[in-house]
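A.B. asks: compute the structure for the input listed below.
(chains A and B)
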Amino acid sequence: MFERVFVTVGTTSFQQLIQLIVSDKVVDQFSKWGVKEVRIQGGKNNIDRDSNEWVERDIKYSLYEYKPTIDEDIQWADIIISHAGAGTTLEALDQGKVLLVVPNETLMDNHQLELAKKLEKENYAFMATIDTFCKQMEDIDPSVLKPFPPARPELLANYLAQMNIPNKKSKLNRTKTE
Amino acid sequence: MEALVYFVDSVAEAGWLTAKVLLTVILGGYVMIGCAMVSYCFLLFFAVCFKKLVSLLRGNWLMVEDLPTMIILGSGGHTKEMLKIIPSLSALYPRVYVGANTDPLSLDKAMKFEHFKNRRQVELGNVKFLMTYRIRAVGQRLLSVVMCSGPYAFLHAAILVLSERPETIICNGPGTCVPFCVVGYLLTKIRVLETRIIFVESVCRVESLSMTGRILLRFANVFFVQWQELQNKCLQLYPHAKVRYMGRLA
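C.D. replies: Coordinates of the predicted model:
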C-alpha cells in the first residue's frame, strides 16, 4: 500500500513514538503494507543501535536527530507519521500526503490534541494515540481522506488594504490629493 | 578546642563576606543595566514626542515618511506560519523582523526568505532584523516570568518600539509578542505613536484561545482566528471582543 514512510517528531522529544515505530508489532504492519524504506527524524532519543542505518525484514531504516529542513523527506514519502505540531502537519497536508498524527500528550496543556482531533473529524488526516496506534495502522484507508483546502493568506492582505492600513501607496495618494 | 572554634568562626565569616560581595556585585549589575534601559527608554520617549510636536507645528508633511511594519517571530511552528502569511503582504515595506535571542534559527529563516524572494528591498535597506529578550521560555513558571524575564522583555520592547516607531505590528501567537503589543497599545493611547496591532491566532487552536491570545484580546486592533468553531466560541465567551474569521490564513 505504501512504500516510503517518513516519521517525524519535530524539535521536541517524543520517545514513546520512536520506540513504538521500531517495535515488532509496527514492523509487522510495515511489512504488510509493503514498505521498502523508513526514514525517522527522531529528535533526542535513546534507541541503542550500532549505526543510524539498519535493515530489518527487508525494510531499510535510517534515523537522524534533526535537519534544518525536512521538506525534502516529506516530498519523498508516501505516508507520514508525525507528531501533531502545526509546522509538519500543515506542510504534509499541503502536499497532499497521507498523514497519521500522534499528538504528543506530554506538552503544555496538551495543545496538540485540538488540531489533531479537528483534522480527524474533517477527514483530512488520521489520528492515533500511543495506545491505539497499532489498531489505527491496520484501519488506514486512504480513500476516506478528503483533500485539504489550501491556505489563503491573501485574505489578510485584502482585509488590510480595505481597512486602509496606511501603506506606501495610500500615503502617496493622500499627500497628492491634500 | 578554642583554636578550633576560632578557625570555624573565621571561615564562616570569610564565607559570609564573600557571599555579601558577590550578592552586591550581581544585584548592582542588574540594577545598573535596568537603570540604563529605563533611562534610554525615557530618552527615546522624549525624542519621539519632540518629533511629533515638531511635525504638528509644521503641518503634517513631515510625518509622511515610511514607518515600518514590525513582524514578530516566535519559534518553530509560529515562524513557519508567519512565513506563510508574509509573502502576501508585499505592500508592507519597510519591515522589521523581531526574534527571540534564544532562537536565532527563526530569524535565520526570515533572513533567507527575504534574501531569496525580495532581494531588491534588502538592497534598499528596507528590511531589518532585531533580537529581543525572550519573555517566557517553554515551561517557565509565571512567578519567574514576573520577577526575572518580564521587566527586561518589557523594557527592551519599549526601546525597540520607540526607536522603530512601527505603524503596524503583526504577530501570530508567541509569548515574545506580548510586550510589543502592550507597549504599542499604550503609546498609541497617549498619542505618541499610531500603531495598529494585528494578531493572528495559531492554526493549532481549534477550540480554545492561547494564553497570548487571551492577553491580547484587549490590546489588538484586529484579532483573527483561523477556525469557525473558535470564532463561535469566542463570540460567546468574550462578546465585547471583535474576533474575526475569514478562512485559514496559514
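
A.B. asks: which secondary structure element of chain B has the lowest mean pLDDT?
C.D. replies: helix B:142-144 (a mean of 77; mean pLDDT, DSSP states H and E).

A.B. asks: next one, pLDDT for residue B:72 please.
C.D. replies: What the model reports for residue B:72 is a pLDDT of 90.

A.B. asks: can you name the residues bridging to it?
C.D. replies: Assessed by DSSP bridges, residue B:72 has beta-bridge partners residue B:98, residue B:171.

A.B. asks: which residues in chain B form strands?
C.D. replies: In chain B, the strands defined using DSSP state E lie at B:69-72, B:95-100, B:127-132, B:168-171, B:196-200, B:222-225, B:243-245.

A.B. asks: any chance of those strands in JSON lines with mean neighbour count as columns?
C.D. replies: For glycine as for every other residue, the C-beta is placed from the backbone atoms N, C-alpha and C. Converted to JSON lines, the strands of chain B look like this (neighbours: other Cβ atoms under 10 Å in any protein chain shown):
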{"stretch": "strand B:69-72", "mean neighbour count": "26"}
{"stretch": "strand B:95-100", "mean neighbour count": "24"}
{"stretch": "strand B:127-132", "mean neighbour count": "17"}
{"stretch": "strand B:168-171", "mean neighbour count": "25"}
{"stretch": "strand B:196-200", "mean neighbour count": "23"}
{"stretch": "strand B:222-225", "mean neighbour count": "22"}
{"stretch": "strand B:243-245", "mean neighbour count": "18"}
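
A.B. asks: closest one to residue A:137 among these?
C.D. replies: strand B:222-225 (33.2 Å; Cβ to Cβ).

A.B. asks: then that closest one to PDB, C-alphas only?
C.D. replies: Taking C-alpha atoms only, strand B:222-225 is exported to PDB below (Å, rounded to 0.1, in the frame of the first residue of the first chain):
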ATOM      1  CA  VAL B 222      -7.700  43.300  14.600                       C
ATOM      2  CA  PHE B 223      -7.900  39.800  16.000                       C
ATOM      3  CA  PHE B 224      -8.100  36.800  13.600                       C
ATOM      4  CA  VAL B 225      -8.800  33.200  14.400                       C
END
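
A.B. asks: which strands and helices sit next to it?
C.D. replies: Other helices and strands packing on strand B:222-225, by 3 or more Cβ pairs under 8 Å, 6 or more residues apart in numbering or on different chains; DSSP states H and E, are strand B:196-200, strand B:243-245.

A.B. asks: now do it: distance to the chain's middle.
C.D. replies: 18 Å (Cα atoms, centre = their mean, to the nearest Å).

A.B. asks: note down every partner strand of it and its orientation.
C.D. replies: In the sheet, strand B:222-225 lines up against strand B:196-200 (parallel), strand B:243-245 (parallel) (DSSP bridges).

A.B. asks: pLDDT of it, averaged?
C.D. replies: Strand B:222-225 comes out at a mean pLDDT of 88.

A.B. asks: ok, and what's touching that strand?
C.D. replies: Among residues not part of strand B:222-225, those counted as contacts by Cβ atoms under 8 Å, 6 or more residues apart in numbering or on different chains are A:156, A:159, A:163, B:196-201, B:205, B:209, B:213, B:216-217, B:231, B:234, B:241-246, B:249.

A.B. asks: at 10 Å what do you get?
C.D. replies: Residues outside strand B:222-225 that contact it (Cβ atoms under 10 Å, 6 or more residues apart in numbering or on different chains) are A:155-156, A:159-160, A:163, A:165, B:85, B:168, B:170, B:172, B:196-203, B:205-206, B:209, B:213, B:216-217, B:231-234, B:238, B:241-247, B:249.

A.B. asks: I'd like to know which elements the longest helix seen in chain B is packed against.
C.D. replies: Taking DSSP state H as the criterion, chain B has its longest helix at helix B:2-57. Here helix B:2-57 touches helix B:150-164, helix B:177-189, going by 3 or more Cβ pairs under 10 Å, 6 or more residues apart in numbering or on different chains; DSSP states H and E.

A.B. asks: buried stuff in the shortest one?
C.D. replies: Of the residues in helix B:177-189, those scored as buried under the neighbour-count criterion (16 or more other Cβ atoms under 10 Å in any protein chain shown) are B:177, B:178, B:179, B:180, B:181, B:182, B:183, B:184, B:185, B:187, B:188.

A.B. asks: and it, does that touch chain A?
C.D. replies: No - counting by Cβ under 10 Å from any Cβ of the partner chain, chain A is not contacted by helix B:177-189; separation bottoms out at 13.5 Å.

A.B. asks: OK, contacts around residue B:89?
C.D. replies: Contacts for residue B:89 (Cβ under 10 Å, 6+ apart) come out as A:153-154, A:156-157, A:160-161, A:167, B:69, B:71, B:95, B:168, B:170, B:198.

A.B. asks: mind putting these into CSV with distance to residue A:103?
C.D. replies: Putting those into CSV (distance: Cβ to Cβ, whole Å) gives the following:
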residue, distance to residue A:103
A:153, 26
A:154, 30
A:156, 28
A:157, 32
A:160, 34
A:161, 37
A:167, 40
B:69, 34
B:71, 29
B:95, 35
B:168, 34
B:170, 28
B:198, 29
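
A.B. asks: out of those residues, show me where the pLDDT dips lowest.
C.D. replies: Lowest confidence among the contacts of residue B:89: residue A:167, with 45.

A.B. asks: one step back: closest to residue B:145 among the buried residues of helix B:177-189?
C.D. replies: Residue B:145 lies nearest to residue B:178 out of the buried residues of helix B:177-189, by Cβ to Cβ, at 10.1 Å.

A.B. asks: could you measure from the closest one over to residue B:213?
C.D. replies: Distance, residue B:178 to residue B:213, using Cβ to Cβ, to the nearest Å: 10 Å.
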